[in-house]
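# I'll drop the sequence and a predicted model, then ask my questions.
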Amino acid sequence: MRKIAREIVLMAAALAALSTPVRAAPLDAQIDPIVAQQKQDQHIPGLALLVVKDDQIVYAKAFGLRDLESGQPVTLDTLFPIGSCTKAFTAMAVALSADAGLLSLDDHPRKFLPWFKMYDPQADAEVTLRDMLSHQTGLKAYADLAAEPGVLTRDEYIRAATSAKPAVKFRSKFQYSNAMVTAAGEIAGVANHSTWEQVVENRIFRPLGMTSSLASTFAALKTPDHVTGYVYDDAAKTWHAAPPPGTLEQMAPAGNIASSAHDMALWLQMLSDGGVAGGKRFVSQAMFDEMTAPKIAVSAQWSYALGWVIYDWNGHKVVEHNGGSEGISALVSFIPSRHAGFVFLANTSPNYMTKVGNAGKLLWPIILNESPAAAAEPTPSPAPAQTAPAATPDRTLPSADALVARMIVAEGGARALRRHATSLVHATKSYENQGVSAEVTILSKAPAMSDATEIWSAAGKKIGTVRVYFDGANGGQETTFGQNAKNDASANAQAARDNALHPLLELHKLYKEVSVTGREKVGDDDAFVLRLVPDKGDPVELIVAAKSALILRRRSANVSESFSDYRWVDGERIAFRDEVEEPLGETVTTVTNGRFNANIPPGSFSPAKSVAR
């Protein structure tokens, strides 16, 4: 009887245990190991992570060092640059100005910036603040070349960038534009008869109690408790200090705020409570909803609102933005429906934790005590299709040697080409999507020495000089704005191929494989595809006109180049127009004059040459 009674008691206890909710481990116990692992894996010297839920700070910790040289630790009051997380503050500045009746999201920027002008007539006529803050004006993403030298004023940078040729049609595609957010920030300043900095400080920082935050990363460097930014060198297994990029001053409304974890908690509490701070409405419900409502698709998973990325996690709308550059990384994320959010700040370059969506995958299940829904069962793959018979080789294609021989004749013949040992070319260049133009001088010497110097101009003034050199063995870049670099072995090998004065005469030395692989149509011209494969590096395709044997296009990796307007110069035919599609966008180079066998001074291709502004 005692045994049965004991079993009944044990059974009752077990049933009681099943009916009692299982308590999750404390947040510290769950989050600390994740942070420690990411700190190690992502080579982060120092970081701060803070979580708010239901208007309370439920997790707040600092890890590591804010300065490796002095060994000073990160604290929750340490100031970090937050990079593009600044964009949400600029959107809020515009929203608060709209609440005050000073502007409307439907306003044209020329209402406040009379000089504002866009290249595309439709965009110039119809663009609004809403378009600018949601990156759908058509301007090329990250078109900030005009700001790089640090010479232009903020207004001049906006003039240069916004008047550039668009990359896509107006309102047709998401294109991340620092320039347009910068312009929106300037408009908020004008509407308030003030500056962007003062609007952010007086309308956002002070009312929320963000007493340490600054609208300038460079001002933060003068405070006692600020981070030093670092870039990790994987080869050397060490960090290098990285000062904030000078462009932050030109594009301040897009990325110049510095803040602490404690201050960002106040920002997060207001946001996660739907625009309410301390029980009082900080921004109107209508404007809060506008800021967090998707405006344009970024991808199949993400949309962009006003200064925020929007995506779904487990059925909840997540509102998030990251920020970063060399030595800077930050992420702010919140779920309004659950009154929860977190901020992650680190003193190193963008990493796994600051890519949109990644930190949320790790933290939201813990913060919300909610398991993500199971992924859908994968759809069975269809039965493999029957292997198609191999294509019949095109017997009408010329051999590579025959085509190259014709190309040499088309350029003037081997004898004329060998007679030319040096060249001097003057040209103009337009960075079409950047609002930057350049005066170009190119010195070349056989077999493969080169010095290409560009003097940049934007917004009506000279802004800097860039020199790319190769002395036949080693090369690099020198600038007037601190972006000097030396080639690694791979870059030097490519430079030796790309800078050959007469590459057609030595294709088989430069490339291990030279073959004709097909045909193409270029406009009305029939053309052959000549494929060049080096020992190491990316292959190159030359698109050669079937009739004239002149090179019409050159393709390699992310670069596509078109050649036209061929003219004779001292018995050699060269293209006077060169149009390139590359990561910076479209560039057009037009030769103004050139000559061969020019007298080139000794040392012209060496590094450490004086680069004049």
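Ah, there it is.
# what's the domain layout of the protein?
Domain segmentation of the chain under automatic domain parsing yields 27-367, 400-596.
# ranking these by burial, who's on top?
domain 27-367 (a mean of 20; mean count of other C-beta atoms under 10 Å). All C-beta atoms are positioned from the backbone trio N, CA, C, and that covers glycine.
# I'd like the domains of the chain as JSON lines, with mean pLDDT and distance to Ala608 appended.
Supplementary listing: these in JSON lines, determined by pLDDT from 0 to 100; distance: least, C-beta to C-beta, whole Å:
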{"stretch": "domain 27-367", "mean pLDDT": "97", "distance to Ala608": "20"}
{"stretch": "domain 400-596", "mean pLDDT": "97", "distance to Ala608": "8"}
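# Kindly present those domains as TSV, with separate columns for distance to Phe605.
Output for the domains of the chain, formatted as TSV (distance: least, C-beta to C-beta, whole Å):
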stretch	distance to Phe605
domain 27-367	24
domain 400-596	4
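# Can you show me the helices along the stretch 1-150 of the chain?
2-19, 27-41, 86-99, 121-126, 129-133 (DSSP state H, counting those that start in this stretch).
# Return the distance of the shortest one from the chain's centre.
When C-alpha coordinates are averaged (C-alpha atoms, centre = their mean, to the nearest Å), helix 129-133 and its chain have centres 19 Å apart.
# Just the residues contacting the helix or strand that it is followed by, thanks.
Downstream of helix 129-133, the first helix or strand assigned by DSSP states H and E is helix 154-162. By C-beta atoms under 8 Å, 6 or more residues apart in numbering, the residues outside helix 154-162 that reach it are 113, 115-118, 137, 139, 143-144, 146-147, 152, 177-180, 182-183, 186, 249-252, 434-436, 458-461.
# Leaving out sequence neighbours, find the closest residue to the most centrally placed residue in the chain.
Among the residues of the chain, the one closest to the centroid is Tyr142, at 5.7 Å (C-alpha atoms, centre = their mean). Nearest residue to Tyr142, sequence neighbours excluded (C-beta to C-beta, 6 or more residues apart in numbering): Tyr176, at 6.2 Å.
# could you pull out the strands for the stretch 251-400 of the chain?
With DSSP state E, counting those that start in this stretch as the criterion, the stretch 251-400 of the chain has strands at 258-259, 276-277, 280-281, 296-297, 303-304, 309-313, 316-325, 328-335, 340-346.
# And these: which comes nearest Gly571?
strand 316-325 (49.3 Å; C-beta to C-beta).
# Would you check the distance separating the closest one from the middle of the chain?
Worked out by C-alpha atoms, centre = their mean, strand 316-325 lies 15 Å from the chain centre.
# cool, and stretch 66-85?
The answer for stretch 66-85 is 23 Å, by C-alpha atoms, centre = their mean.
# So what would you say the end-to-end distance of it is?
Using C-alpha to C-alpha, to the nearest Å, the gap from the first to the last residue of stretch 66-85 comes to 20 Å.
# Ala421 contacts Ala446, doesn't it?
Yes. Applying C-beta atoms under 8 Å, one finds Ala421 in contact with Ala446, separated by 5.1 Å.
# Quick check: neighbours shared by these two?
Counting by C-beta under 8 Å, 6+ apart, the residues touching both Ala421 and Ala446 are Leu501.
# Is it correct that Arg555 is in contact with Asp538?
No. If you go by C-beta under 8 Å, Arg555 and Asp538 don't touch, sitting 9.7 Å apart.
# about what we covered before: of all the domains of the chain, which one is nearest Pro607?
Once the domains of the chain are compared by C-beta to C-beta, domain 400-596 is nearest, at 6.0 Å.
# So what's the gap between the closest one and the chain middle?
The chain centre lies 26 Å from the centre of domain 400-596; the measure is C-alpha atoms, centre = their mean.
# Just the terminal-to-terminal distance for that domain.
One end of domain 400-596 sits 28 Å from the other (C-alpha to C-alpha).
# again, but for stretch 593-606
End residues of stretch 593-606 are separated by 24 Å (C-alpha to C-alpha).
# what's it in contact with?
For stretch 593-606, using C-beta under 8 Å, 6+ apart, the contacting residues are 419-426, 443, 445, 449-451, 469-472, 569-570, 572, 574, 609.
# Stretch 397-404 too?
In contact with stretch 397-404 (C-beta under 8 Å, 6+ apart) are residues Arg406, Leu504, Leu507, Val514, Ser515, Val516, Gly518, Arg519, Phe528, Leu530, Val544, Ala549.
# Name the nearest of those relative to Ala414.
Checking the contacts of stretch 397-404 against Ala414 with C-beta to C-beta, the nearest one is Leu504 at 8.6 Å.
# Go ahead and confirm the closest one touches Leu417.
Yes. The pair Leu504 / Leu417 is scored as a contact, 7.5 Å apart, by C-beta under 8 Å.
# Need the overlap of contacts for those two.
Ile408, Glu411.
# dump the residue contacts of the closest residue to Pro149 other than its chain neighbours.
Spatial nearest neighbour of Pro149, chain neighbours left out: Gly464 (3.3 Å); criterion: C-beta to C-beta, 6+ apart. With contact set as C-beta under 8 Å, 6+ apart, Gly464 has these partners: Glu148, Pro149, Val151, Ile455, Trp456, Thr479, Thr480, Phe481, Arg613.
# what do you get for Gly246?
The contact partners of Gly246, by C-beta under 8 Å, 6+ apart, come to Gly150, Phe481, Gly482.
# measure the first one to Trp267 for me?
Between Gly150 and Trp267 the distance, using C-beta to C-beta, to the nearest Å, works out to 29 Å.
# What segments of the stretch 151-300 of the chain are helices?
154-162, 178-191, 196-200, 206-208, 217-220, 247-250, 252-255, 261-272, 285-291.
# Redo those as CSV? Include distance to Ala493.
Shown next, in CSV, are the helices of the stretch 151-300 of the chain (distance: least, C-beta to C-beta, whole Å):
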stretch, distance to Ala493
helix 154-162, 35
helix 178-191, 34
helix 196-200, 46
helix 206-208, 54
helix 217-220, 38
helix 247-250, 31
helix 252-255, 36
helix 261-272, 46
helix 285-291, 50
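# Minimum distance to Gly83: which of these has it?
Across these, closest to Gly83 is helix 252-255 (C-beta to C-beta), at 5.0 Å.
# so what secondary structure elements neighbour that closest one?
Judged by 3 or more C-beta pairs under 8 Å, 6 or more residues apart in numbering; DSSP states H and E, the packing partners of helix 252-255 are helix 86-99, helix 178-191, helix 196-200.
# Reformat those helices as a markdown table; add distance to Pro602.
Listed next are the helices and strands packed on helix 252-255 as a markdown table, based on distance: least, C-beta to C-beta, whole Å:
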| stretch | distance to Pro602 |
| --- | --- |
| helix 86-99 | 49 |
| helix 178-191 | 43 |
| helix 196-200 | 51 |
